[in-house]
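# Can you look at this prediction? I've put the sequence above it.
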There are 2 protein chains.
Amino acid sequence: MVHEMTTKDGAPFDRVQLESLMRRRLFYTPSFDIYGGVSGLYDYGPPGCALQNNIVTTWREHFVLKENMLEVDCTMLTPHEVLKTSGHVDKFADWMCKDPDTGEIFRADHLVEEVLESRLKGDKQARGQTVAVDEEDPKKKKKKVKNITAVKLDHAVVTEYEEVLAKIDNYSGEELGLLMEKYDIKNPATNGKLDPPMAFNLMFQTSIGPSSNLAGYLRPETAQGQFVNFQKLLEFNQQSMPFASASIGKSFRNEISPRAGLLRVREFLMAEIEHFVDPEGGKKHPRFDEVKDVELELLNREVQLSGKTTVETTKIGTAVETGIVDNETLGYFLARIQLFLLKLGIDQKKIRFRQHMANEMAHYAADCWDAELLTSYGWIECVGCADRSAYDLTVHMKKTGAPLVVREPRKEPLKIEEWQVELNKKEFGPKFKKDGKRVEAAIDALSQELREKLSLDLEKEGKIVVDVAGVGDGKVEVPKELITIEKRTRVENVREYTPNVIEPSFGIGRILYVLCEHVYWTRKEDEARGILSFPPTVAPTKVLIVPLSSHDDFKPFVRTLSDKLADIGISSRVDDSGASIGKRYSRNDELGTPLGITIDFQSVKDNSFTLRDRDSTKQVRASLDDICHAISNLVNGREHWDGVFARLPEFKGQEVD
Amino acid sequence: MVHEMTTKDGAPFDRVQLESLMRRRLFYTPSFDIYGGVSGLYDYGPPGCALQNNIVTTWREHFVLKENMLEVDCTMLTPHEVLKTSGHVDKFADWMCKDPDTGEIFRADHLVEEVLESRLKGDKQARGQTVAVDEEDPKKKKKKVKNITAVKLDHAVVTEYEEVLAKIDNYSGEELGLLMEKYDIKNPATNGKLDPPMAFNLMFQTSIGPSSNLAGYLRPETAQGQFVNFQKLLEFNQQSMPFASASIGKSFRNEISPRAGLLRVREFLMAEIEHFVDPEGGKKHPRFDEVKDVELELLNREVQLSGKTTVETTKIGTAVETGIVDNETLGYFLARIQLFLLKLGIDQKKIRFRQHMANEMAHYAADCWDAELLTSYGWIECVGCADRSAYDLTVHMKKTGAPLVVREPRKEPLKIEEWQVELNKKEFGPKFKKDGKRVEAAIDALSQELREKLSLDLEKEGKIVVDVAGVGDGKVEVPKELITIEKRTRVENVREYTPNVIEPSFGIGRILYVLCEHVYWTRKEDEARGILSFPPTVAPTKVLIVPLSSHDDFKPFVRTLSDKLADIGISSRVDDSGASIGKRYSRNDELGTPLGITIDFQSVKDNSFTLRDRDSTKQVRASLDDICHAISNLVNGREHWDGVFARLPEFKGQEVD
């Protein structure tokens, strides 16, 4: 179902107008614009940068401070070996096809998808059916295939195409190449033959140091820096589990063809939490009770498998109880993610949590739920919440030998009955000579079941036969003089385990852009000018100070006000341009400034000022102290405008062009 | 003169002990340590990361918020062309020499310097003189040349060596190569011959996009992103001058051989301000009066030229008046930089401002003062304050054609008398045909002086002769029928100028490390344990909550306290480990936590708690509200401990091991 995006007051949403506002007001701008720009790179101007800082601060308070997470700041430069181990060197890639004649580059899966879809549409057209325009998927916005030709297809072909499309995310490069040959898929513009798909790794590569032999990448996520420091973080946390680390920083993905503005970029700010939890005991969370009644819109795997996108409003407590969401820790973070998004001003009606299908998860994930936000580009993943299981800690431990594990004294010692093998080393060595080590390793590796079986052989036949690759004919006989196999009891006082990781991962840039879509609206009386109704906590500037004119009498008041506000930690800006008060306020409505103070002749007389509410445009008039007090209350969420209007006298005046 | 570093209470400073503390307490750790690490890359653990965040927040409040700067966030990925234009591709390099046999790489200037210095020392030894150990320069800490051989040198040679050393920063690669041949400088370890010096650019290179043909770099400074956006920022600032942009973000330098821990790293956090100012009228600053009485320790160029390092305590107002500091804007920022450093807890006695020598300035700088801080490595540049003149805006404008200028209506129209040239286009074209454009360009480029002289030629001889390279024999005759040269008056209503840039540039990582040196000390009674006396505003954690034991009765109080503190925006940590109260407080003295709350049996009875001062270890006892109020006051700088001790009853107890 295609959702029609509307503004918060229900009017149709106009993306072109919002993006024009955001560029005009310098929320963002293409990087290196005067050099022609670089696709997928954007700079934040003053309001975008302030908005981003405020989102980050809110995030840090909501997660790091409130939950005592261990925030770290790790380097972006990452040596090859680390990302080889994590799987990114081999798997963090898309398949691309080059047109050898034009030099154009296509993302192979997107191309196959687009060509087959357009043929299916052509078939429908040829059969006189209506062709729906699918606006939901941003990946498909900028189509390479623009013209649909009405050509009938055999029913068998239609079925085949539909099957391919259903599995489009699962093909290897080779398979994509075969599909392209089989279905004669070429450059849609020139009909030129394309080179076979090649893997294109999405990491930016560089080399570290002067000798050029230490290959490195810009990190594709902040997570690896946290994993490789696990041992030290556990030590810092005084060996106490569970705990979370967190990191806020830039990551990089060398997208083949970036599009959809701020939603798919090559350099972006992430905020990631790695919550380390004992895999045993159901991954409980100590504060789950605090959120269990939070209601989320859930879209689980089964519903999607049945081809639907119907969400179900579910209390997270119920979702965990019934197993829709696997465990408390995952559930806790889903709820906390929603609370965070609401704090920013994201529209509750435009949030859903979608479970990943098995085939779309990253190579490290065991389960994953995305917080998706409704935008004019459709539903967009803005926060991922993945259960990475013990994947990362295990691979890094295996590679480096570092003990990335938790060691806990057991309350009760654990008694383990097991078949133990003992070798008579004195005779074992001389008998097998250079093969000794291999034979020993093969015996050590025997499973409990095999050991049990071999202990019987030993008893019955006085010898055992073990498979040892590369020694003799691969079968080695060991006589009972050299070996004992017995069932014994081992006592374990310390439990050692590799924690599982629940990872809430936030795309700050995406959230920032979607927030702007959610808080954007226009007044009926002036549809050409937009308003960005940010909550005061995240608004780029809290207060606009407007002297009635550039008259010298107003200047000391401007200074007093802005210094006083800075002292209580509130950012203000002065607009003493020659424009009318109304124009100046309009500009600041577009910048999302929630509060405006006017300095007029009355101010000069009695040190009173007016304070304006961006959304209602209503004003009150009061003394300097009362105004500052009200501002502090409104910005810090201690009071709402209702309260201020009730306390302070309304003011009507000025705001005329 | 070698300064002996001492702690704030005058005891000898022990760097080994501090660095051990900082690593043990996870202020920082080598990145990818379990993979063997990468030199020049460090991660910040929880206390380092929190300290860094607090320094950044203080910076943002002190500069951006207080002065309404336009903060931007630009990408680190930067295309080749931008950094080619800025001069970094050609000039941001060091010279390196490779040993073809061992593969070792040496920084050429450092090698020449070290070898000649060791020979001079060898000469002194041979003459029986004492050889001083110079500990001041961190660049020389990790010497390649370890053995000094006592060999006498001719007096002429000594003089020559000394002359070379005095100019060591000024040699080109070729000159360094010649010096190495002349003085037979080889690999000090193997005596192997080295390859000639090659330029090694210090930028990390990568390529952007799938086709690998867009070369890019990781930015070496945040400044370029601000410069290329100048036009939009000026527009955002409603064309009003002067104004400043600012940016906080990571930058990168691929050091040939990083050393000195956090002081010389390959990836680092910078905070940079670009203050755009009219070059005319003495670069005044509107708020200079507020800082004019701030006293700085200045070490100017003349004093250094005379071979001394004597600083002079000077009011910045006087320094600008007498021309030691060139202008108000530069002076304003020097004072503001010092105020910022003091706010962080930097020791005033360990700050000096040193003017760059002409030969050590970056390629873009017209003048530069560094805020240098005294450390155990000597005086270290932590903040640079450069006058980049109009260099950057000019080169980017020239390259792109973008109008990176300010246009101001003149109050009085400016009348300019000048020699103007007019061509008779109708005949000029046909006469010169394909050479027409070159001849015209050559004429347009004629200076006012030449035009005056040529106007006389024209009158006297009825023709002029102009130099036009590449046309005929390089001399072109233009008869008077084709050209008029006359003195005329032009009226200019709009003044157009390229602003100059004053750039205060902060190395946040260096400041962070030096701050730790400045606030580190040990108690006489326990010299094995350090204390980091951060001011509360920058301390990584403000409050430690210590329940007397893990008794269940204490748990609700822990939760109440930490939630209440989080609500008023104050970070706390709980230590409910089994260690003694004294041990737990010692640990937090090392972490620099200024305040500690103990929950004891009295708390359970009457809801009162004790609050401890890290530095004096004294405690008070009071109600929950009084304790929280005192904490809020202390953290926000509204009250000092003196006041709290005077108000609340002292408590003596607990703190015994």
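Thanks, I have the structure now.
# Let me know whether A:Tyr89 touches A:Leu83 as I believe.
One correction, residue A:89 is Val, not Tyr. Yes - A:Val89 lies in contact with A:Leu83 (CB atoms under 8 Å); the separation is 5.2 Å. C-beta coordinates here come from the backbone N, C-alpha and C atoms, glycine included.
# Find the residues that touch each one of those two.
Common contacts of A:Val89 and A:Leu83, defined by CB atoms under 8 Å, 6 or more residues apart in numbering or on different chains, comprise A:Met203, A:Tyr217.
# contact partners of the longest helix along chain A?
Counting residues, the longest helix found in chain A (DSSP state H) is helix A:108-126. The contact list for helix A:108-126 (CB under 8 Å, 6+ apart) reads A:94-97, A:130-131, A:139-140, A:143-145, A:147-153, A:158, A:161-162, A:164-165, A:168-169, A:171, A:173, A:176-177, A:179-180, A:183, A:185, A:188, A:197.
# Which of the residues you listed are buried? Put it as a PyMOL command.
To isolate the buried members of the contacts of helix A:108-126 in PyMOL, using 16 or more other CB atoms under 10 Å in any protein chain shown:
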select buried, chain A and resi 94+95+96+97+139+144+145+148+153+158+161+164+168+171+173+176+177+179+180+183+185+188+197
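# Take the contacts of helix A:108-126 and keep only those in strands.
Residues from the contacts of helix A:108-126 lying in strands, with DSSP state E as the criterion: A:Asp94, A:Trp95, A:Met96, A:Cys97.
# Find the nearest non-adjacent residue to A:Tyr585, please.
Among residues not flanking A:Tyr585 along the chain, A:Gly596 sits closest, at 5.8 Å (CB to CB, 6 or more residues apart in numbering or on different chains).
# Could you list the contact residues of the stretch 301-450 of chain A toward chain B?
A:His396, A:Lys399, A:Thr400, A:Ala402, A:Leu404 (CB under 8 Å from any CB of the partner chain).
# thinking again about what came up before, would you list the ones in strands among the contacts of helix A:108-126 in CSV and tack on distance to A:Gly637 and pLDDT?
Shown next, in CSV, are the ones in strands among the contacts of helix A:108-126 (distance: CB to CB, whole Å; pLDDT from 0 to 100):
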residue, distance to A:Gly637, pLDDT
A:Asp94, 43, 89
A:Trp95, 48, 91
A:Met96, 48, 92
A:Cys97, 53, 92
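# got a markdown table for the residues you listed, with distance to A:Phe32 too?
Output for those, formatted as a markdown table (distance: CB to CB, whole Å):
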| residue | distance to A:Phe32 |
| --- | --- |
| A:Asp94 | 25 |
| A:Trp95 | 29 |
| A:Met96 | 24 |
| A:Cys97 | 28 |
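# Mind picking the two most distant members of those?
Using CB to CB, the ones in strands among the contacts of helix A:108-126 span at most 10.7 Å, a distance reached by A:Asp94 and A:Cys97.
# could you list every residue that touches the closest residue to A:Ser533 other than its chain neighbours?
Distance criterion CB to CB, 6+ apart; nearest residue to A:Ser533, sequence neighbours excluded, is A:Val519 at 4.5 Å. The neighbours of A:Val519, taking CB under 8 Å, 6+ apart as the test, are A:Lys8, A:Gly345, A:Leu532, A:Ser533, A:Phe534, A:Gly592.
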